[in-house]
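Enquirer: my questions concern the predicted model and sequence given below.
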Amino acid sequence: RNLARMRKIYGDDQYNFVPTAYLLPSEIRTLESELERGKKTTFIIKPVASSCGKGIHLVNSISSLHAYVFREKGSHATNTADATADGSKPEGSDEHVTPVKKKDSAATGNTTTACSKYIAQRYIHNPLLINGFKFDLRLYVACTGFDPMRLYLFNEGLVRFCTEPYPGGDKQLSNIFMHLTNYSLNKNNDKFVSPDAAGKSGKDDDDDEEEADATDDLSNGSGGSKWTLSALKRHLQNKGVEWTGIANQIHDILIKTMISIEGECLRQLQEHTKHRNSCFELFGVDVMLDANYKVWLIEVNIMPSLSCTSLLDKTVKYTLIKDLLTLAGPVPFHRKALHELATTSATAASSSSSPQSLTHSNPSNSHSTPGRASSVHSSLSHSPSVSKGSMHGSSSHGHPARGAHNTPHGHAQPNSVQSALKVNPTADTSMFLRALPPEARQVIMEVEDEYQRRGNFVRIFPTAKTHQKYSKYFEGTRNYNALISRWEKEKKKVETMATAPPEPPVTTTTTTTTATKLTQPQAHSARHHKPTTPRALHQAPPHRPQPSPRKARAHSAYAHHTPSFHTLQRAPNTFLHT
């Protein structure tokens, strides 16, 4: 529904990565018209809020659609996901479905029944095949907040294969092992090859080199009915396919998909949580490549499976879980310390409104994340710029807030942030930082601290370029998204200055008369020094070595322009102090 709304607003050319979909049974008439018009049009129908391939059906006619969506009371519809390889139903697979009476959409007046809600998605007929098998990709995306919105893509994923060769989009629709890539279904097929077994066979088979290559070693993540994302990259690159274009499509899909729910999520967070960093989420995103290497979004799972049934799963998911918790940075919940901190803050606020009252108000009660508390945490805890209630807060339901410094939803005035963003990009970085209000600087500290904990995650939004590209898709102005994007640009600017080649030294071949008065030692040296050739004028005395121009320039750039935590802490009163 959210993606359909975005497509309606911005056009099919901007949201053309989702196959046409319909919500059933409310949009069944539209789907019926689609099936009547299109020849050999197949739709995959999935129950809403289901998982593991349960209840999935493939339909290519109105009759097969009605047989699935509308059921006679007391009857049982054939579930494609419960079918065997030959299309028959296994014993014991029938489940009694308690139907809910509903009027038939056709103008017959017959009373039929609808068991639930479904989504019908146009079937991709030309998927990219590897060795004749269809596959999809499971990607892991972490969203650590919506104000600003931060999206991280895990650099590893899973590639899940069907266990029967793909026959075509309109053939043998009852055979799930040809059309559905769900691991929970294909593992029940006799032809399923475990990644562990594939790795062993690849090591033991010395006679057939081609077969050994097809069942690559487990450490390479390929072979069997499940690969790693890295193995797929290597496979495509060996065939001359450039992965960068595919990765750009994936990033575009993920960002636009998350923007479609950003507005509602932000409203819910502001209503039900006290701090913007109180929640995080891991999404399992399924995408598929077609024969033209176009990436299609299949579905987004809010509860991706983290079970490990093979060494390959452990290799991917153990690291995923470790890096996810490190990225989220949860703070231990100490009810007594939190109560004392709240009491101290309230007392300090009522007794004095000066920043110093917050700076030195019982700092011993401030608790940080063990093993992960950086100097940023301590500097914020005792900084005059930290607003009341922004340190180590909890949600409105008493849950511990994430991060060592969580700012409430009351933010800096938009005009103050916008005025800072209007600072000339070519100006010195310190000018941009001085123009920021304290709350905005704290947001930068939070996001930068989180970024340093990213591990194997890659932040895809916001970056120096993505905000400008995708800002038009948000419901309104998002100043903090723009703030982080500008911060990334400032960092790149300083890095460029530090790595730029030094300018050539200015030399001259003529002597000029100077009016500078020489000191007594200088005058004595000038009287007794022999005339030199023009070339000798440009050579430094051997006993007075000059520093390298590159080192001098780099030191100057880092000492005066680096927009780091130390810059924020060393600056005058307008900045944070250690």
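Expert: Everything's here; your move.
Enquirer: partners of the one helix or strand Val287 maps to in the sheet?
Expert: Using DSSP states H and E, Val287 sits in strand 281-289. As defined by DSSP bridges, the strand partners of strand 281-289 come to strand 133-146 (antiparallel), strand 295-301 (antiparallel).
Enquirer: so which of those gets nearest Thr344?
Expert: strand 133-146 (26.6 Å; CB to CB). For every residue, glycine as well, the C-beta is placed using N, CA and C.
Enquirer: what are the buried residues along that closest one?
Expert: Residues of strand 133-146 classed as buried: 133-146 (neighbour count, 16 or more other CB atoms under 10 Å).
Enquirer: and the residues you listed, which is closest to Trp296?
Expert: Asp136 (9.2 Å).
Enquirer: quick check: bridge partners of that closest one?
Expert: Residues in a beta bridge with Asp136, per DSSP bridges, are Arg160.
Enquirer: got the contact list for it?
Expert: Asp136 is in contact with Val159, Arg160, Thr181, Asp286, Val287, Met288, Ile298, counting by CB atoms under 8 Å, 6 or more residues apart in numbering.
Enquirer: likewise Asp313?
Expert: Here Asp313 is in contact with Leu158, Lys226, Ser307 (criterion: CB under 8 Å, 6+ apart).
Enquirer: checking my notes, it in a helix, right?
Expert: Yes - counting by DSSP: H, G, I helix; E, B strand; the rest coil, Asp313 falls inside a helix.
Enquirer: can you tell me how far it is from Thr228?
Expert: 10 Å (CB to CB, to the nearest Å).
Enquirer: now the common contact residues for these two.
Expert: Between them, Asp313 and Thr228 share these contacting residues under CB under 8 Å, 6+ apart: Leu158.
Enquirer: show me where the stretch 401-550 of the chain has its strands.
Expert: 457-461 (DSSP state E, counting those that start in this stretch).
Enquirer: tell me where it has helices.
Expert: With DSSP state H, counting those that start in this stretch as the criterion, the stretch 401-550 of the chain has helices at 414-421, 429-434, 438-451, 466-470, 479-499, 520-528, 549-561.
Enquirer: what's the third one packed up against?
Expert: When you say that, I think you mean helix 438-451. Under the contact definition 3 or more CB pairs under 8 Å, 6 or more residues apart in numbering; DSSP states H and E, helix 438-451 sits against helix 375-381, helix 414-421, helix 479-499, helix 565-570.
Enquirer: in the longest one, what counts as buried?
Expert: What it means is helix 479-499. Quick answer for helix 479-499 (16+ other CB under 10 Å): 479-491, 493-494, 497-498.
Enquirer: now do that helix and strand 457-461, the angle between them.
Expert: 120 degrees (axes from the mean of the first three to the mean of the last three CA atoms, to 10 degrees).
Enquirer: quick check: angle from helix 479-499 to helix 438-451?
Expert: Using the same axes, to 10 degrees: helix 479-499 against helix 438-451 is 70 degrees.
Enquirer: low-confidence ranges in the stretch 201-350 of the chain?
Expert: Along the stretch 201-350 of the chain, segments meeting pLDDT under 70 span 201-222, 349-350.
Enquirer: again, only using 90
Expert: By pLDDT under 90, the low-scoring segments of the stretch 201-350 of the chain are 201-224, 273-278, 309, 330-350.
Enquirer: top of the contacts of Asp136 by neighbour count?
Expert: The most neighbours of any of those, using other CB atoms under 10 Å, belong to Thr181, which has 25 neighbours.
Enquirer: my guess is it contacts Phe135, does it?
Expert: Yes - in this structure, Thr181 is within contact of Phe135 by CB atoms under 8 Å, at 5.9 Å.
Enquirer: spatially nearest residue to Lys191, not counting backbone neighbours?
Expert: Among residues not flanking Lys191 along the chain, Thr163 sits closest, at 4.6 Å (CB to CB, 6 or more residues apart in numbering).
Enquirer: how about Leu320, what does it touch?
Expert: Tyr140, Phe154, Glu156, Leu306, Asn456.
Enquirer: again, 10 Å this time
Expert: Taking CB atoms under 10 Å, 6 or more residues apart in numbering, we find Leu320 in contact with Tyr140, Ala142, Phe154, Asn155, Glu156, Gly157, Leu282, Pro304, Leu306, Gly455, Asn456, Phe457.
Enquirer: relative to helix 438-451, how tilted is whichever strand or helix holds it?
Expert: Assigned by DSSP H and E, Leu320 belongs to helix 311-328. Angle of helix 311-328 versus helix 438-451, following the same axes, to 10 degrees, is 160 degrees.
Enquirer: for helix 311-328, list the C-alpha coordinates in PDB.
Expert: Extracted in PDB, the C-alpha atoms of helix 311-328 (Å, rounded to 0.1, in the frame of the first residue of the first chain):
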ATOM      1  CA  LEU A 311      28.100 -23.500   8.700                       C
ATOM      2  CA  LEU A 312      27.300 -21.000   6.000                       C
ATOM      3  CA  ASP A 313      24.400 -19.700   8.000                       C
ATOM      4  CA  LYS A 314      26.600 -19.300  11.100                       C
ATOM      5  CA  THR A 315      29.300 -17.500   9.100                       C
ATOM      6  CA  VAL A 316      26.800 -14.900   7.900                       C
ATOM      7  CA  LYS A 317      24.300 -14.600  10.800                       C
ATOM      8  CA  TYR A 318      26.700 -14.700  13.800                       C
ATOM      9  CA  THR A 319      28.600 -11.700  12.400                       C
ATOM     10  CA  LEU A 320      25.300 -10.100  11.500                       C
ATOM     11  CA  ILE A 321      23.900 -10.300  15.000                       C
ATOM     12  CA  LYS A 322      27.200  -9.200  16.600                       C
ATOM     13  CA  ASP A 323      27.500  -6.200  14.400                       C
ATOM     14  CA  LEU A 324      23.800  -5.300  14.700                       C
ATOM     15  CA  LEU A 325      24.000  -5.100  18.500                       C
ATOM     16  CA  THR A 326      27.200  -3.200  18.400                       C
ATOM     17  CA  LEU A 327      25.700  -0.700  15.900                       C
ATOM     18  CA  ALA A 328      22.600  -0.300  18.000                       C
END
